[in-house]
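# give me a model of this one.
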Amino acid sequence: MTRMMLVATGLAALAVPAWADTLRIDWLERQTVPPPVLSNLEETPEDLGLAGARLGVKDIATTGKFMGHDYVLNETRVAPEDDFLSAAKAVIADGAKVLVVKAPAPDLLALADLPEAKDLLILNAFAPDDSLRGADCRANVLHSVPSLAMRADALGQYVLAKKWTRLALVSGPNPEDKAFAEAMKASLTKFGLTLEGEKAWAFDADMRRVASEEVPLFTQDLPAHDLLLVADERGDFGRYIAYNTWSPSLLAGSEGIVPKGWSPVVEHFGAAQLQSRFIADTSRQMQAEDFAAWAAVNAIGEEVARFGGEDAPSMRANLLSDKFRLAGFLGTPLSFRDWDGQMRQPVPLVTPRAVVMLAPLEGFLHERSELDTLGTDLRESTCTAFGDKT
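Predicted coordinates for the structure are as follows:
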């Protein structure tokens, strides 16, 4: 377990929160051993997510210096062999009140269910599981990372708009592959689309050598389709499907056109400036995980600047209010859904070199916010921890 501290200082105060002008934000991360993949061309940055939180603290300090607010980022990174809950309890005992968490769903839920965490504000910047916004939602957890359903609905809107009605699916063997595949299938149903065929990826051979031989045979018996959906969330095999299918196929999902919370190719609405600052700090490009952490930290800073929440419960209430908005470089201000804690945000549909479209697409309307056409809406929500919102 390692800890670092980053301090940003401020000047004259406009709002005077109960934390005496210095707000401690805790970064709590469960480190994991990266799973093996077929290609090692893309290494996972050691500071993935954390770099976004660090930049976020620098950004909110810019506002804080005009308002007399200080921010402290306290970093706790739990090694794979260490006990996550023990580390979390130590952080809470040390005075943590606001946590930005990078951890898988089971660890996040275990943290949220600690008696001592009842009145904390926890921002999930990593786990996309739909269950965390549904039956397994917790009142003390808000989510700055888009859910699987939001990403799938962004793609579903695009497919519907393109009138691609003949669809096929290839899904990988990993739990995250299966979860994204289910989210895409649910979204297709939501938008009145159906799958013509589906296959499970089951190869363990080195596709770098045999893709041109194996993939055509694997895809040969798929029915005719306009678009081949791929669920490969680790970036393992999808790259070898491209240009190797039996029939020419457009790809989308985890490969080809990909719905992401953020991407290095996002440039409009001032995003290029955010990207440049991130590169200057880290010497790498900003990934979706970095943006989720950046958004979580900036949501805290915006709450402080606008409302001056006196404690974690009041900050949570302010974040969930209709008056909260966060500029997120995606064209439409970000906000939180008060029925499940999910941050509303546009979802870019991207290729490795460009933004294809930004969802929600024009024509997808909603009574509250067009952003609520992405992901689980209030009427379909199974989350009860936030109270009855009907």
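# need the helix or strand of this protein with the lowest average pLDDT.
For the chain, using mean pLDDT, DSSP states H and E, the weakest element among its helices and strands is strand 2-8, scoring a mean of 36.
# identify the residues contacting the spatially closest residue to Leu326 that is not a sequence neighbour.
With CB to CB, 6 or more residues apart in numbering as the criterion, Leu326 has its nearest non-adjacent residue at 4.3 Å, and that residue is Leu334. For the C-beta atoms, the positions are set from N, CA and C on the backbone; glycine is no exception. Residues counted as contacts of Leu334 (CB atoms under 8 Å, 6 or more residues apart in numbering) are Ala295, Ala299, Arg325, Leu326, Ala327, Gly328, Met343, Arg344, Gln345.
# out of those residues, which are buried?
Buried members of the contacts of Leu334, counted by 16 or more other CB atoms under 10 Å: Ala295, Ala299, Leu326, Gly328, Met343, Arg344, Gln345.
# helix or strand for the fifth one, which one?
This points to Met343. strand 343-344 (DSSP states H and E).
# and for the first one?
Ala295 is located in helix 288-306, with elements delineated by DSSP H and E.
# helices or strands next to that helix in the packing?
Applying 3 or more CB pairs under 8 Å, 6 or more residues apart in numbering; DSSP states H and E, we find helix 288-306 packed against strand 22-30, helix 50-67, strand 98-102, strand 121-124, helix 312-319.
# mind giving me the packing neighbours of the very next helix or strand once past the longest one?
Later in the chain than helix 50-67, the nearest helix or strand by DSSP H and E is strand 70-78. Packed against strand 70-78, as judged by 3+ CB pairs under 8 Å, 6+ apart, are the following elements: strand 2-8, strand 22-30, helix 50-67, helix 84-93.
# mean neighbour count and distance to Ala161 added to the ones you listed, as CSV?
Below are those laid out as CSV (neighbours: other CB atoms under 10 Å; distance: least, CB to CB, whole Å):
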stretch, mean neighbour count, distance to Ala161
strand 2-8, 13, 43
strand 22-30, 23, 38
helix 50-67, 21, 31
helix 84-93, 17, 42
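# so what's Arg234 up against?
Pro35, Val37, Gly172, Asn174, Glu176, Asp177.
# out of those, who has the most neighbours?
Asp177 (24 neighbours; other CB atoms under 10 Å).
# where does Leu132 land on pLDDT?
If you check Leu132, the pLDDT there is 98.
# any idea how far it lies from Ala327?
The gap separating Leu132 from Ala327 is 25 Å, by CB to CB, to the nearest Å.
# now Gly301
Going from Gly301 to Ala327 by CB to CB gives 11 Å.
# follow-up on the earlier one: save the helices and strands packed on strand 70-78 as CSV, and put in distance to Glu75 too.
Shown next, in CSV, are the helices and strands packed on strand 70-78 (distance: least, CB to CB, whole Å):
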stretch, distance to Glu75
strand 2-8, 5
strand 22-30, 5
helix 50-67, 7
helix 84-93, 10
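# ok, which of these comes nearest Leu228?
Closest approach to Leu228 among the helices and strands packed on strand 70-78 (CB to CB): helix 50-67, 31.8 Å.
# other SSEs contacting that closest one?
Partner elements for helix 50-67 (3+ CB pairs under 8 Å, 6+ apart): strand 2-8, strand 22-30, strand 70-78, helix 271-282, helix 288-306.
# repeat the analysis, applying 10 Å as the threshold.
Applying 3 or more CB pairs under 10 Å, 6 or more residues apart in numbering; DSSP states H and E, one finds that helix 50-67 contacts strand 2-8, strand 22-30, strand 70-78, strand 98-102, helix 271-282, helix 288-306.
# so which of those is the most packed in?
Among the helices and strands packed on helix 50-67, the stretch with the highest mean neighbour count (mean count of other CB atoms under 10 Å) is strand 98-102, at a mean of 27.
# what's the next secondary structure element after it?
Following strand 98-102 in sequence, per DSSP H and E, is helix 105-112.
# alright, I will stop here.
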